[in-house]
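> Here is a sequence with its predicted model. Questions after.
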Amino acid sequence: MAPVLEPIQPAALHDRAMDNIRFIRETMERASAFTAVPGWGQVAVGVTAFVAAYLAVHEATARRWLFVWLAEAVIACLIAGWTLDRKARATDTPLLSGPARKVAFSLSPPLIVGALLTAVLFKARVTSVIPGVWLLLYGTGVVTGGMFSVSVVPLMGICFMVLGAIALFVSPPWANWLLAAGFGGLHIIFGIIIARKYGG
């Protein structure tokens, strides 16, 4: 006698609906842009970069010049992180959302490469190219990360890359002011644009 097979129960309507909602939510999250870029935070970073450029150009040694700019990088990261968190909370944007992760993963590799090259170039006493390397790699990270953010961000990255290319071929004092133009001027200009167009 053949065994009696239990009829296959169709998935409950509720379970199928929840699966569909989850799929739609994940699809929308993947397709959406990360809009919690803090415009006013970028303006603040730009202001501190101008201060750093002024202090750095008056330093007598390459080591002290580098120390000023590295201190500025730490200050800029703290400002950016704090203002990013504030805007994300204000706009109810999760910092671990799909677009936010894509921005972070796209921006991080060029910054890590920049840090490693800085150590190597400083050890080799080839400090004159460090400003160009910083601007080029930061611009690269902003372009790639900006592809998952608001439309003006990749344009800012391209501007950084142009300044970086110029900085590779000018004398060190001029390269320092190109750092000011990039990390100071571009952050302020695009920060204001982002703040006015996308809020905060």
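Yes, it's here.
> Would you state the helices of the protein in chain order?
Per DSSP state H, the chain carries helices over the ranges 13-31, 39-57, 62-90, 98-123, 130-146, 152-167, 172-179, 187-198.
> for the closest residue to residue 121 other than its chain neighbours, what are its contacts?
Of all residues beyond its chain neighbours, the one nearest residue 121 is residue 130 (5.5 Å), with distances taken as CB to CB, 6 or more residues apart in numbering. Every C-beta, even on glycine, is put in place using the N, C-alpha and C of the backbone. Applying CB atoms under 8 Å, 6 or more residues apart in numbering to residue 130 gives the contacts 66, 118, 121-122.
> Give me the buried subset of those residues.
Buried members of the contacts of residue 130, scored by 16 or more other CB atoms under 10 Å, are 66, 118, 121.
> which residues does residue 118 contact?
If a contact means CB under 8 Å, 6+ apart, then residue 118 has 66, 130, 133-134 as its contacts.
> Kindly provide the distance from it to residue 91.
34 Å (CB to CB, to the nearest Å).
> follow-up on the earlier one: now that we have the helices of the chain, can you turn them into JSON lines and tack on mean pLDDT?
JSON lines is the format used below for the helices of the chain (pLDDT from 0 to 100):
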{"stretch": "helix 13-31", "mean pLDDT": "58"}
{"stretch": "helix 39-57", "mean pLDDT": "93"}
{"stretch": "helix 62-90", "mean pLDDT": "89"}
{"stretch": "helix 98-123", "mean pLDDT": "85"}
{"stretch": "helix 130-146", "mean pLDDT": "91"}
{"stretch": "helix 152-167", "mean pLDDT": "93"}
{"stretch": "helix 172-179", "mean pLDDT": "90"}
{"stretch": "helix 187-198", "mean pLDDT": "89"}
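> Buried deepest among those, which one?
Across these, averaging neighbours per residue (mean count of other CB atoms under 10 Å) puts helix 130-146 on top, at a mean of 23.
> Next, the angle from that helix to helix 187-198.
Going by axes from the mean of the first three to the mean of the last three CA atoms, to 10 degrees, helix 130-146 is angled at 10 degrees with respect to helix 187-198.
> Could you measure from the closest residue to residue 185 other than its chain neighbours over to residue 193?
Closest residue to residue 185 apart from its sequence neighbours, by CB to CB, 6+ apart: residue 46 at 6.7 Å. Per CB to CB, residue 46 is found 12 Å from residue 193.
> One more: residue 134?
Per CB to CB, residue 134 is found 22 Å from residue 193.
> One more: residue 91?
Relative to residue 193, residue 91 is positioned 17 Å away (CB to CB).
> Now do stretch 121-133: distance from first to last residue.
10 Å (CA to CA, to the nearest Å).
> Pull the distance from it to the chain's centre.
22 Å (CA atoms, centre = their mean, to the nearest Å).
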